[in-house]
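Visitor: got a predicted model here, sequence first, then my questions.
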Amino acid sequence: MTTVTRENEDSAVPETPPGGGESLRFRHGIRICASFTAVVGFIALLGWITGKLEIASLGSGKIPVAPSTALMLVLYAAALFFRTYNNHRVANLAGLSINVAGALVSISLLLLASQGIRSNLEHLGFTIIDTTGKTPIGHMSPITAFCFLLASLSYLSMVPAPAIRPWRAVVAYLLAGILMTANFLFVLAYLYGTPLFYGGIFIPPAALTCMAFLALGIALATLAFLHGRRSFQSVEPFNRTSYYLLF
């Protein structure tokens, strides 16, 4: 009788999936990075709303985060936050839509920048003082647009989540790594007081933007690792080792 009771008690305890606790910690890390990115976007928008651009530029003499960049950072952060809920169809669709739209906007801005055209739509209705002869503010840097494109491609490489292929996880991880490494260098340049691409007509990325992209890259790389680890289980041991070496 005692044996039967113990067996019933054991069967009532749900099994913990392998790596479930570790995956949950990774997802918490992704949400923290996404939250940081969103906070940067909101801070930059607050600087434009209040007219205190020092908030959006981390001090005087530095270029501020463009309004369009700030808005896109908030949206990309939301998409990443949504992605941590794999089984929510509405959240996944929202994240997919944000990244597709973001990629199209980034490509459009890169094409316009290559022709020397800057659209006032990037100002989002904010009044921008003309800075003739100086680096124009209120416009997204081409480097920033390219970083948004990298983030979108990394994200879209992991869609749809249930049918992700191992090579797509590797591509997503590499794109996120490029995004993370490039912006780490930009952040270092700001910390050492020698920000890159200043002093010319080329619009450099703002300090806050580089910090946000660094967090975004970490989140995307973590997400790619989670999906890659899951998809590697379905491939042969030899190929699995190759994929791990690429990671």
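Guide: In hand now; what should we look at?
Visitor: rest of the way, CA atoms for contacts and neighbours
Guide: OK.
Visitor: and the longest helix anywhere in the chain, what does it pack onto?
Guide: As assigned by DSSP state H, the longest helix anywhere in the chain is helix 20-50. Contacts defined by 3 or more CA pairs under 8 Å, 6 or more residues apart in numbering; DSSP states H and E place helix 20-50 against helix 53-57, helix 67-83, helix 207-232.
Visitor: quick one: those helices as a markdown table, columns for mean pLDDT too.
Guide: Output for these, formatted as a markdown table (pLDDT from 0 to 100):
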| stretch | mean pLDDT |
| --- | --- |
| helix 53-57 | 87 |
| helix 67-83 | 93 |
| helix 207-232 | 86 |
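Visitor: got a markdown table for the ones you listed, with mean neighbour count and distance to Leu46 too?
Guide: Listed next are the helices and strands packed on helix 20-50 as a markdown table, based on neighbours: other CA atoms under 10 Å; distance: least, CA to CA, whole Å:
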| stretch | mean neighbour count | distance to Leu46 |
| --- | --- | --- |
| helix 53-57 | 21 | 8 |
| helix 67-83 | 23 | 10 |
| helix 207-232 | 23 | 13 |
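Visitor: reformat the ones you listed as CSV; add distance to Val187.
Guide: Shown next, in CSV, are the helices and strands packed on helix 20-50 (distance: least, CA to CA, whole Å):
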stretch, distance to Val187
helix 53-57, 13
helix 67-83, 17
helix 207-232, 6
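Visitor: what count of nearby residues applies to Tyr85?
Guide: 13 (other CA atoms under 10 Å).
Visitor: which residues does it contact?
Guide: Tyr85 makes contacts with Ala91, Asn92, as judged by CA atoms under 8 Å, 6 or more residues apart in numbering.
Visitor: cheers, nothing more for now.
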